[in-house]
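>>> need coordinates for the below:
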Amino acid sequence: MTTHTYEIDAAQQSLGRVASQIAALLRGKHFASYQPHLNPGVKVTVKNIEQIKFTGLKLSQKKYYHYSGYPGGLKGRKLSELWKKNPKQVFRHSVYRMLPVNRLRDKLIKNLIFS
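Below you'll find the predicted structure:
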């Protein structure tokens, strides 16, 4: 199996649009030999993540929630806080959630590289 490498410039593009394109590339849906149960071995390198644009009021209003499992354990953080702390983690999380929920998901997200 040959490894294909793609480089994507995320500058001045919407977070969701870039993330969905990368998720499709990681799955190998652009190949004629696409099979949903196989890892195509595609590596995607993303650059200029800090220059991604957010449409509307997402940066100030969108919240990400985390539940610990205990009563009163629901925590919410704004996208602006998370983006300021670690933009790569926010981007990886958005791509990760666009991949299918199966055992291949964790293997595919490892092929996402930041430069």
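>>> any idea which element residue 106 lies in?
Residue 106 belongs to helix 105-109 when assigned by DSSP states H and E.
>>> what does that helix contact?
By C-beta atoms under 8 Å, 6 or more residues apart in numbering, the residues outside helix 105-109 that reach it are 26, 27, 39, 92, 95, 96, 99. For the C-beta atoms, the positions are set from N, CA and C on the backbone; glycine is no exception.
>>> filter these to the buried ones?
Among the contacts of helix 105-109, those classed as buried by 16 or more other C-beta atoms under 10 Å are 26, 27, 92, 95, 96, 99.
>>> buried residues in the helix holding residue 106?
residue 108.
>>> what strands line up against the next helix or strand after that helix, and which way round?
Counting by DSSP H and E, the element after helix 105-109 in chain order, helix or strand, is strand 112-114. If you go by DSSP bridges, strand 112-114 pairs up with strand 42-47 (parallel).
>>> can you list the buried residues in the helix or strand that the strand it pairs with is followed by?
Using DSSP H and E, the helix or strand that directly follows strand 42-47 along the chain is helix 58-61. By neighbour count on 16+ other C-beta under 10 Å, the buried set for helix 58-61 is residue 58.
>>> counting contacts, what elements does helix 58-61 pack onto?
Here helix 58-61 touches helix 79-85, going by 3 or more C-beta pairs under 8 Å, 6 or more residues apart in numbering; DSSP states H and E.
>>> now the helix it packs on: buried residues?
Buried residues in helix 79-85, counted by 16+ other C-beta under 10 Å: 79, 82, 83.
>>> just for this protein, where's the confidence low?
Across the chain, the ranges flagged by pLDDT under 70 are 1-2.
>>> spit out the contact partners of the residue lying farthest from the centre of the chain.
Relative to the centre of the chain, the most outlying C-alpha is that of residue 71, 29.9 Å out, by C-alpha atoms, centre = their mean. Shown in contact with residue 71 (C-beta under 8 Å, 6+ apart): no residues.
>>> got the phi and psi for it?
Dihedral angles of residue 71 (phi, psi; degrees, to the nearest 10) stand at phi -60, psi 130.
>>> which residue is nearest the middle of this structure?
Nearest to the chain centroid, counting by C-alpha atoms, centre = their mean: residue 95, 1.8 Å.
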